[in-house]
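Participant: show me the folded form of this:
(one chain, ligands or ions: 2)
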Amino acid sequence: MRKIEHIGIAVKSLKESNELFEKLLGTPAYKEEEVASEGVKTSFFMNGPNKIELLEATNPDSPIAKFLEKKGEGIHHIAFDVEDIVVEIERLKKEGFTVLNEMPKKGADNKLVAFLHPKTTNGVLIELCQEIK
Ligand SMILES: CC[C@@H](C(=O)O)C(=O)SCCNC(=O)CCNC(=O)[C@H](O)C(C)(C)COP(=O)(O)OP(=O)(O)OC[C@H]1O[C@@H](n2cnc3c(N)ncnc32)[C@H](O)[C@@H]1OP(=O)(O)O
Ligand SMILES: [Co+2]
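Facilitator: Ligands and ions are numbered 1, 2, ... in the order given. Now for the predicted structure:
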């Protein structure tokens, strides 16, 4: 785990939250991207060296739709940058964490991603991200 890659925030409306975060941070989203496999539309903001990902659900089965229903808007996950996601998945499995997808999948912003179940990480959904080179 090299650094926090981004913080994911579940929002009801990407349009409204883009406006809010643009006002908050004083800079617009640098990118919007839909990831159909996750049922999300995302936008990304930089704040100094830090990245924020806003996520809106695109269908009722999306993890974001379920999260909004249960918990409402707010921090949904913390993503960590890793050099080799396959090595990191194996290391974390040996440490006893539950990896939700052992096969890394294509995420947003040019990343391969994998998730750890929040039940094994003190109630916080953890994402691993490896940049696709
Ligand atoms: C855009 C792509 C990518 C990127 O490049 O950055 C993303 O960020 S995609 C983000 C969206 N995708 C995911 O979240 C994928 C991983 N998540 C999952 O597989 C599921 O959401 C889950 C974590 C396995 C939960 O799914 P499920 O069991 O079907 O949902 P429930 O609603 O029944 O929840 C069970 C249990 O887990 C708690 N929960 C759910 N989500 C979170 C969360 N984000 N943080 C903390 N806890 C969470 C939920 O509250 C339930 O708890 P109990 O009620 O106590 O049982
Ligand atoms: Co994410």
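Participant: okay, now the nearest residue to residue 40 once chain neighbours are set aside: neighbour count?
Facilitator: Nearest residue to residue 40, sequence neighbours excluded (CB to CB, 6 or more residues apart in numbering): residue 55, at 4.8 Å. Where you see a C-beta, it was placed from the backbone N, CA and C, and this is true even at glycine. Residues near residue 55, counting by other CB atoms under 10 Å, number 26.
Participant: so which strand or helix has residue 55?
Facilitator: In the assignment (DSSP states H and E), residue 55 maps to strand 50-57.
Participant: which residues are contacting that strand?
Facilitator: 4-14, 17-18, 21, 25, 29, 39-45, 64-65, 68, 76, 79, 108-109 (CB atoms under 8 Å, 6 or more residues apart in numbering).
Participant: that one and ligand 1, any residue contact?
Facilitator: Yes. Judged by CB under 6 Å from any ligand atom, strand 50-57 comes into contact with ligand 1 at 53, 55.
Participant: could you export the following helix or strand past that strand as CSV, CA atoms only?
Facilitator: Scanning forward in sequence from strand 50-57 by DSSP H and E, the next helix or strand is helix 63-71. Output of helix 63-71 as CSV, limited to C-alpha atoms (Å, rounded to 0.1, in the frame of the first residue of the first chain):
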residue,chain,number,x,y,z
PRO,A,63,-23.4,-1.1,-4.9
ILE,A,64,-23.9,2.7,-4.7
ALA,A,65,-27.7,2.5,-5.0
LYS,A,66,-27.7,-0.1,-2.1
PHE,A,67,-25.3,2.1,0.0
LEU,A,68,-27.5,5.2,-0.5
GLU,A,69,-30.6,3.3,0.5
LYS,A,70,-29.0,2.0,3.7
LYS,A,71,-26.6,4.8,4.8
